[in-house]
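Asks: Sequence and predicted model, in that order:
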Amino acid sequence: MIEDPRFTAIADLFVDDSRVSHGTMMASYGLKVGGKIFAMLVGGRLVVKLPKPRVDALVAAGLAERFDPGHGRPMKEWASLIGDEPDWAGLAREAIAFVGASPVGRGLG
């Protein structure tokens, strides 16, 4: 179960969305749309899948780092938020729109 109230609030945003599933994935708690992860909590940080230019902007602003799932290669479309800004809810909505936009979904890369 989620122990971080910030991520609980994110999960609650999608509780009535039948497209969204949740649970443990990649050793973290996360949310999926169409079977693809769009947001997860890793080490107390929100990690979201966004378009590369958006991730680049968050990194350049010092608000995020590129997410590295542990294999030493940061992922270009995954941002790991450093703090509580920008708004986690807004980023989760961006992430579900991005991942859910493709009829076949988008993978981890």
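Replies: Here it is on my side, so go on. These figures come from a predicted structure and were not determined experimentally. Numbers count the residues shown, from 1 in each chain.
Asks: I'd assumed Ala79 was in contact with Pro51.
Replies: No: contact between Pro51 and Ala79 fails when scored by C-beta atoms under 8 Å: they sit 10.2 Å apart. (Each C-beta comes from the backbone N, C-alpha and C, glycine too.)
Asks: higher neighbour count, the two?
Replies: Using other C-beta atoms under 10 Å as the criterion, Pro51 and Ala79 rank with Ala79 on top: 28 against 15.
Asks: Now that one. Nearest residue, chain neighbours left out?
Replies: Among residues not flanking Ala79 along the chain, Ala64 sits closest, at 4.0 Å (C-beta to C-beta, 6 or more residues apart in numbering).
Asks: ditto for Phe7
Replies: Phe7 sits nearest to Leu41 (C-beta to C-beta, 6+ apart), 4.3 Å away.
Asks: So which residues of this protein form helices?
Replies: For the chain, the helices defined by DSSP state H cover 5-13, 52-60, 88-100.
Asks: and of the ones you listed, who's closest to His22?
Replies: The closest of the helices of the chain to His22 is helix 5-13. By C-beta to C-beta, the value is 5.9 Å.
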